[in-house]
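**Student:** Structure of the sequence below:
(one chain, ligands or ions: 1)
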Amino acid sequence: MAEFAKERDWDQFHSPRNLLLALVGEVGELSEIFQWKGEVPSGLPDWKDEEKEHLGEELSDVLLYLVRLSDICGVDLGKAALRKLELNAIKYPVKLCKGSSKKPTQINVPDNNDGSSNGGVTAISNSDSKSRSDVSCAGMAVASALSTNRYIDFLLLCP
Ligand SMILES: Nc1ccn([C@H]2C[C@H](O)[C@@H](COP(=O)(O)OP(=O)(O)OP(=O)(O)O)O2)c(=O)n1
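**Tutor:** Numbers count the residues shown, from 1 in each chain. Alright, predicted model coming up:
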């Protein structure tokens, strides 16, 4: 993308804000493909080849503007995405979230005194979910250095 823009003297247009708007525009074009179709099955078995090709083009436009935006902002997207995957794994432990699309702060699992039956994972109660959520955001910043259980211990120690 950097070479593509340089050859065309387009660096002048590829500012962070312009690229973000271009990205959002392409997300709109991507959305248009699904607009009014209702839910469609995975793999899109009933779609024509041309429709899938068009979908691939719009997905690519989104990807290319995203990569370019990251680059222009000095963000190593590959590294950032891998770190985010690790953070996601910490935030959504399998033991707590398997089969549920709820946020950890919305899951209310009865606590065990010995913490054994749910593998030592203690769910966060609904009553204090807001404060826990705030704590959770702050905790995420240091979470990459912590294991899942240590992160949950950290959450429980916070007021
Ligand atoms: N100033 C620009 C213009 C285009 N592109 C690149 C990134 C996208 O991959 C693609 C977007 O091109 P268009 O704006 O022509 O968008 P479409 O390909 O979706 O065409 P249209 O909007 O006509 O449907 O070209 C770019 O990097 N910088």
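
**Student:** Tell me the residues on this protein that lie near the ligand, please.
**Tutor:** 10, 13, 29, 61, 64-65 (CB under 6 Å from any ligand atom). Heads up, the C-betas are built off the backbone N, CA and C, glycines and all.

**Student:** which intervals of the protein have sub-threshold pLDDT?
**Tutor:** 108-159 (pLDDT under 70).

**Student:** Export the longest helix along it to CSV, keeping only CA atoms.
**Tutor:** Of all segments of type helix in the chain, defined using DSSP state H, the longest is helix 49-72. C-alpha atoms of helix 49-72 as CSV (Å, rounded to 0.1, in the frame of the first residue of the first chain):
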residue,chain,number,x,y,z
ASP,A,49,-19.7,-16.4,-8.1
GLU,A,50,-20.0,-12.8,-9.1
GLU,A,51,-21.5,-11.9,-5.8
LYS,A,52,-18.8,-13.7,-3.9
GLU,A,53,-16.2,-12.0,-6.0
HIS,A,54,-17.7,-8.6,-5.2
LEU,A,55,-17.7,-9.5,-1.5
GLY,A,56,-14.0,-10.3,-1.8
GLU,A,57,-13.3,-6.9,-3.3
GLU,A,58,-15.1,-5.0,-0.6
LEU,A,59,-13.5,-7.1,2.2
SER,A,60,-10.1,-6.3,0.5
ASP,A,61,-10.8,-2.6,0.4
VAL,A,62,-11.6,-2.7,4.1
LEU,A,63,-8.4,-4.6,4.9
LEU,A,64,-6.2,-2.4,2.7
TYR,A,65,-7.4,0.8,4.2
LEU,A,66,-7.1,-0.7,7.7
VAL,A,67,-3.5,-1.8,7.0
ARG,A,68,-2.7,1.6,5.5
LEU,A,69,-4.3,3.5,8.4
SER,A,70,-2.3,1.4,10.9
ASP,A,71,0.9,2.0,9.0
ILE,A,72,0.3,5.8,8.7
